[in-house]
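Visitor: I need the structure of the sequence given here:
(2 chains)
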Number of protein chains: 2
Amino acid sequence: MNNLYLKAVRGESLKISPVWMMRQAGRYLPEYLDVRKKHEFLEVCSIPELACEVTLQPIRRFKFDAAILFSDILVPLVPMGINLSFGKGHGPQIANPVRSTRDIQNLKNFEPREELGFVLDAIRMIRAELPTDVALIGFTGAPFTLATYLIEGGKPNPFANTKRLMYTEPEAFASLLNFLGTIMADYLHAMVEAGADAVQVFDTWAGILPEREFRNVNLPVLQQIFQHLNSLKIPSTYFALGSSHLLNSIKETGCSVIGLDWRLPIPETRKIIGNDVAVQGNLDPTVLLADEATIRRETRQIVVAGREKGGHIFNLGHGILPMTPISSVEIMLDEIRKA
Amino acid sequence: MNNLYLKAVRGESLKISPVWMMRQAGRYLPEYLDVRKKHEFLEVCSIPELACEVTLQPIRRFKFDAAILFSDILVPLVPMGINLSFGKGHGPQIANPVRSTRDIQNLKNFEPREELGFVLDAIRMIRAELPTDVALIGFTGAPFTLATYLIEGGKPNPFANTKRLMYTEPEAFASLLNFLGTIMADYLHAMVEAGADAVQVFDTWAGILPEREFRNVNLPVLQQIFQHLNSLKIPSTYFALGSSHLLNSIKETGCSVIGLDWRLPIPETRKIIGNDVAVQGNLDPTVLLADEATIRRETRQIVVAGREKGGHIFNLGHGILPMTPISSVEIMLDEIRKA
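Guide: Below is the predicted model:
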């Protein structure tokens, strides 16, 4: 497969950086909103034909170099026995949060090839329809971030219950992360078997960890996951919001690509992580709400910085915002591709 | 005045670090909740006798080395013509947010000694009642953070309107920050005249800025404020959440003390900022929800790190959480003071 994304992931410096966008299938696209008029969010995740359709929508429109499976990091919590719902405007809600050692022990282990077969079917369907030069990315949440949702029971802020458990019952907390890590590694493995060309691990909330706790509590389970992926020779990306203070530890996870939010410019990041790992990012998603000159200027700076050693995939520093105009994405792509 | 806080602010290394806590007057204290049964939040801020009483409550109970005026960073928005309210559980709400150049021009300039005389009266009252070895800290929000509330009209997330204005109308945005900066510098000056021994500038949301925008947009107005305070020889602290990626710029603000959240340990921070400026922090507030051994261990590490060169004020890395047990604060203080 002659795919720019896979070349950049392996560290090749390219004339034109490959590009995709976090949440590229979603609420800023009219064709996605049409689908959502008839189907709830979790329904789109659960029906392979629908997941396939919305995954392909942004590829048809923008010819991105990678498609990312349409799903949600919380989908694998359901077969663990978690009662998950998405209320309108409320974000995820968990009716039976995990608060004690007993709750942790009661979480059901499961075989992703059976319980999440609908996701794997979607991957097979997408891979069959996707042009061969477009990579398909599978993904999961990282154990720590999944744990924050499980423990807080919804949008995890200010993470009080999570950190209380982490500080007060470190063994129970570690057992929860290990349980989640083992399942996620297997789930990612199953995605690769189904046809994913690469995977991304979203550790959205890891940035709330002090550096020492990240290293002690989170790093070991991440290393296990990425070691497993490396043994399969599958390229992997690790993404955590607000993680500038963790970069020294993140480069030890073993991932092939470090996903960057918009906070630290690529050259500053390279000073910390070196050139042995590719980077992905990092346009501030709010730049796409600004005027054309601003979009071009900010895009250009990242394009230029990305050409340096180590490999670069152009992306936003976080998911695209729902109110983003389509024309802004087109301007960004024009600026990247004329490079 | 033989005050440990003021000695540490000036960079002296002390055997025992002075200590206070962000939001030390507030919802975790039963005596504060008693006051709030009879008075709304903004009422407590507006009536000097009440502001004085709740400011002194934590000093009586815990003998902190500094008292911080009980107020809110949004109080000075009201005399600008802003319609501010605090809904129960909703956080601040602004009925007339600022969205255009015209809105910015319509903001009223005002004389803090007249319009915010009740705050200055509270300061005079507190200073008169406070033991002489306890410092009184006045504070304001930083211009950027105040701008996010003004523009978003409430809790600023995901900061889309703020950043759109910043990227699209840089001159209008700069004029808003300069307007706020001039008033805040004057307001802090008035607090010092009224008896504040030191001041703190809260830039809660600056951490959402990319490093370059922080330097271009935010740094100049901060430098003006701290330059003014330095000309008055008043010690000043700058605090921004999630600002590890900004430390190189923050050390150029001219503040006397850099307030640290819990993310980066003090020794790692010192590698970036050097020893020419004092630091304040940085116990993760959620540690105070954990068991005694954890509180002592985490407190101890900060106490030890703080003894190195440059000056250290012990504090939490963010405001104390409402569900924090009083006994946890007592354990933390015991560990600091036996040092």
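Visitor: what about the strands in the stretch 201-339 of chain A?
Guide: For the stretch 201-339 of chain A, the strands defined by DSSP state E, counting those that start in this stretch cover A:236-239, A:257-259, A:278-283, A:312-316.
Visitor: could you check whether the third one is close to chain B?
Guide: Okay, so that is strand A:278-283. No - Strand A:278-283 stays out of contact with chain B when judged by Cβ under 8 Å from any Cβ of the partner chain, the minimum separation being 8.5 Å. To be clear about C-beta, it is placed using only N, CA and C from the backbone, and glycine gets the same treatment.
Visitor: partner strands of that strand, parallel or antiparallel?
Guide: In the sheet, strand A:278-283 lines up against strand A:257-259 (parallel), strand A:312-316 (parallel) (DSSP bridges).
Visitor: just the first one next, same as before
Guide: Strand A:236-239 has these partner strands in its sheet, going by DSSP bridges: strand A:198-202 (parallel), strand A:257-259 (parallel).
Visitor: quick one: the helices in the stretch 101-250 of chain A?
Guide: Using DSSP state H, counting those that start in this stretch, the helices of the stretch 101-250 of chain A run over residues A:101-106, A:112-115, A:117-129, A:143-152, A:160-168, A:170-194, A:211-213, A:219-231, A:247-250.
Visitor: of the strands paired with strand A:236-239, which is nearest residue B:93?
Guide: strand A:198-202 (31.8 Å; Cβ to Cβ).
Visitor: what's the closest one in contact with?
Guide: Applying Cβ atoms under 8 Å, 6 or more residues apart in numbering or on different chains, the set of residues contacting strand A:198-202 from outside is A:5-6, A:9, A:66, A:68, A:73, A:135-142, A:145, A:184, A:188, A:191-192, A:222, A:225-226, A:229, A:234-239, A:255, A:259.
Visitor: if you set the cut-off to 6 Å instead, what comes out?
Guide: Defining contact as Cβ atoms under 6 Å, 6 or more residues apart in numbering or on different chains, one finds that strand A:198-202 is touched by A:73, A:135, A:137-139, A:141-142, A:188, A:235-239.
Visitor: what comes up buried for stretch A:239-250?
Guide: A:239, A:240, A:241, A:242, A:243, A:244, A:245, A:246, A:247, A:249, A:250 (16 or more other Cβ atoms under 10 Å in any protein chain shown).
Visitor: go through the strands paired with strand A:278-283 and pick out the most buried.
Guide: strand A:312-316 (a mean of 28; mean count of other Cβ atoms under 10 Å in any protein chain shown).
Visitor: any regions of the stretch 151-300 of chain A where pLDDT drops low?
Guide: Along the stretch 151-300 of chain A, segments meeting pLDDT under 70 are nowhere present.
Visitor: for it, which residues are neighbours of chain B?
Guide: A:160, A:163-164, A:167-168, A:210-211, A:242, A:244-245, A:262-264, A:284, A:286-287, A:289-291, A:294 (Cβ under 6 Å from any Cβ of the partner chain).
Visitor: in ChimeraX, how would I select the buried members of those?
Guide: Burial among those is assessed by 16+ other Cβ under 10 Å; the matching ChimeraX selection reads:
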select /A:160,163,164,167,210,211,242,244,245,262,263,264,284,286,287,289,290,294
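Visitor: export the strands paired with strand A:278-283 to TSV and append columns for distance to residue A:198.
Guide: As requested, the strands paired with strand A:278-283 are exported to TSV (distance: least, Cβ to Cβ, whole Å):
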stretch	distance to residue A:198
strand A:257-259	8
strand A:312-316	10
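Visitor: mind checking which of those strands is nearest residue B:61?
Guide: strand A:257-259 (45.6 Å).
Visitor: what residue is smack in the middle of chain A?
Guide: For chain A, the residue nearest the mean C-alpha position is residue A:202 (3.9 Å; Cα atoms, centre = their mean).
Visitor: bridging residues for it?
Guide: Note on residue A:202: beta-bridge partners by DSSP bridges are residue A:141, residue A:239.
Visitor: look up how far residue B:97 lies from it.
Guide: 32 Å (Cβ to Cβ, to the nearest Å).
Visitor: pLDDT wise, what is the residue lying farthest from the centre of chain A at?
Guide: Residue distances from the centre of chain A (Cα atoms, centre = their mean) peak at residue A:102, which lies 29.8 Å from the mean C-alpha position. On the pLDDT scale, residue A:102 is placed at 95.
Visitor: now swap in residue A:90 and tell me
Guide: Reported pLDDT for residue A:90: 73.
Visitor: how about it: what's its closest non-neighbour residue?
Guide: residue A:154 (7.6 Å; Cβ to Cβ, 6 or more residues apart in numbering or on different chains).
Visitor: same deal with residue A:96?
Guide: The shortest distance from residue A:96 to any non-neighbouring residue, by Cβ to Cβ, 6+ apart, is to residue A:83 (5.1 Å).
Visitor: and if you look at residue A:286?
Guide: Spatial nearest neighbour of residue A:286, excluding adjacent residues (Cβ to Cβ, 6+ apart): residue B:163 at 3.6 Å.
Visitor: same thing with residue A:40?
Guide: That would be residue A:86: by Cβ to Cβ, 6+ apart, it lies 7.6 Å from residue A:40.
Visitor: okay, buried residues for the strand or helix carrying that neighbour please.
Guide: Per DSSP states H and E: residue A:86 is located in strand A:84-87. For strand A:84-87, the buried set under the neighbour-count rule, 16+ other Cβ under 10 Å, comprises residue A:84.
Visitor: gap between that strand and the chain center?
Guide: Relative to the centre of its chain, strand A:84-87 is centred 20 Å away, using Cα atoms, centre = their mean, to the nearest Å.
Visitor: so what touches it?
Guide: Contacts of strand A:84-87 (Cβ under 6 Å, 6+ apart): A:41, A:74, A:77, A:78, A:92, A:93, A:94.
Visitor: ok, for the first one, nearest residue in space, not its chain neighbours?
Guide: Once flanking residues are discounted, residue A:41 sits nearest to residue A:86: 5.0 Å by Cβ to Cβ, 6+ apart.
Visitor: bridging residues for the one you found?
Guide: residue A:92.
Visitor: one more: residue A:315?
Guide: In this entry, residue A:315 is beta-bridged to residue A:282, by DSSP bridges.
Visitor: touching, it and residue A:279? I think so.
Guide: No - look at residue A:315 against residue A:279 with Cβ atoms under 6 Å: they stay out of range, at 9.5 Å.
Visitor: tell me where the stretch 1-150 of chain A has strands.
Guide: A:66-68, A:84-87, A:91-94, A:135-141.
Visitor: and of those strands, who's closest to residue B:28?
Guide: Proximity to residue B:28 (Cβ to Cβ) singles out strand A:91-94 among the strands of the stretch 1-150 of chain A, at 26.6 Å.
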